[in-house]
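model this:
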Amino acid sequence: MDIVYFDLETQRTANDVGGWDKKHEMGLSLGVTFSTGENKYEIFPESRVDDLIKRLQRADLVVGFNVIGFDYEVLMGYTVLALPEQLPTLDLLLDIEKACGHRIKLEDVAQGTLGIGKTAGGLEAVQWWREGRLMEIAEYCCFDVKVTKLVHEYGAANKELFFHNRFGQKQRLEVEWRL
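Numbers count the residues shown, from 1 in each chain. Below is the predicted model of the structure:
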């Protein structure tokens with residue numbers, strides 16, 4: 001089974017395009033995949049967005065964090081395909097939100113479960129795009145894909161994840177993921 005872990009960064013913020021309902025106008029700066037079938041990362045600049053979409057279509061399962069509500073919406077600015085309906089997808093955020101009743105950041109789950117955090121944020125990636133610092137975007141996005149993969153693998157193996165609530169208390173979440 002080829003699981004493809006996926007994340008992307010954008011050229012513009014929601015404020016730049018006039019709101020969160022216009023994600024399709026945010027533009028892809030870089031997309032990153034990790035394929036378990038090929039055991040490799042691949043980086044896709046905007047000029048290769050069609051290749052990125054084709055790569056996602058070949059996956060047996062696409063795994064991401066907020067991939068349905070954000071990443072696919074950004075990509076749909078480049079295609080007529082309805083990606084959420086056409087790609088077999090596990091959106092970790094949606095499952096986690098269902099398990100605990102509210103949204104939790106990838107950073108919080110990674111920190112609580114694995115003791116690792118993210119290296120930057122989406123707004124920093126937009127600034128790097130404006131400065132032409134594609135290598136920094138690629139490193140950040142690859143790390144987010146790796147964190148997503150590690151969280152998914154831990155959840156699949158242990159049927160649980162952890163995070164700290166706003167009071168600093170460690171909380172446990174049950175998940176029903178498979179590899």
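
quick check: buried residues in the biggest helix by length in the chain?
Longest helix in the chain, counting residues (DSSP state H): helix 134-158. Judged by neighbour count using 16 or more other Cβ atoms under 10 Å, the buried positions of helix 134-158 are 136-148, 151-156. For the C-beta atoms, the positions are set from N, CA and C on the backbone; glycine is no exception.

repeat for stretch 6-17
Across stretch 6-17, burial judged by 16+ other Cβ under 10 Å covers 6-12, 17.

for stretch 73-91, same thing?
Buried, per 16+ other Cβ under 10 Å, within stretch 73-91: 73-77, 83, 87, 89-91.

need the distance between the two termini of it.
Stretch 73-91 has an end-to-end distance of 13 Å (criterion: Cα to Cα, to the nearest Å).

could you do stretch 86-97 as well?
End-to-end for stretch 86-97, by Cα to Cα: 22 Å.

list the contacts of that stretch.
In this structure, residues lying in contact with stretch 86-97 by Cβ atoms under 8 Å, 6 or more residues apart in numbering are 56-57, 59-69, 72, 103-104, 106, 109, 148, 151-152, 155, 161, 173, 175-177.

okay, the angle between the following helix or strand past the longest helix of the chain and helix 134-158?
Using DSSP states H and E, the helix or strand that follows helix 134-158 in sequence is strand 160-164. Calculated by axes from the mean of the first three to the mean of the last three Cα atoms, to 10 degrees, strand 160-164 forms an angle of 120 degrees with helix 134-158.

which other helices and strands does strand 160-164 contact?
On a contact count with 3 or more Cβ pairs under 8 Å, 6 or more residues apart in numbering; DSSP states H and E, strand 160-164 meets helix 106-114, helix 134-158, strand 170-174.

mind listing what's buried along stretch 24-33?
Neighbour counts over stretch 24-33 (16+ other Cβ under 10 Å) mark 25-33 as buried.

correction: the previous question concerned stretch 42-58.
Of the residues in stretch 42-58, 42-44, 48-49, 52-53, 55-56 count as buried by neighbour count, 16+ other Cβ under 10 Å.

a markdown table for those residues, including secondary structure?
Below are these laid out as a markdown table (DSSP: H, G, I helix; E, B strand; the rest coil):
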| residue | secondary structure |
| --- | --- |
| 42 | strand |
| 43 | strand |
| 44 | strand |
| 48 | helix |
| 49 | helix |
| 52 | helix |
| 53 | helix |
| 55 | helix |
| 56 | helix |
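
what's across from residue 164 in the sheet?
Residues in a beta bridge with residue 164, per DSSP bridges, are residue 170.
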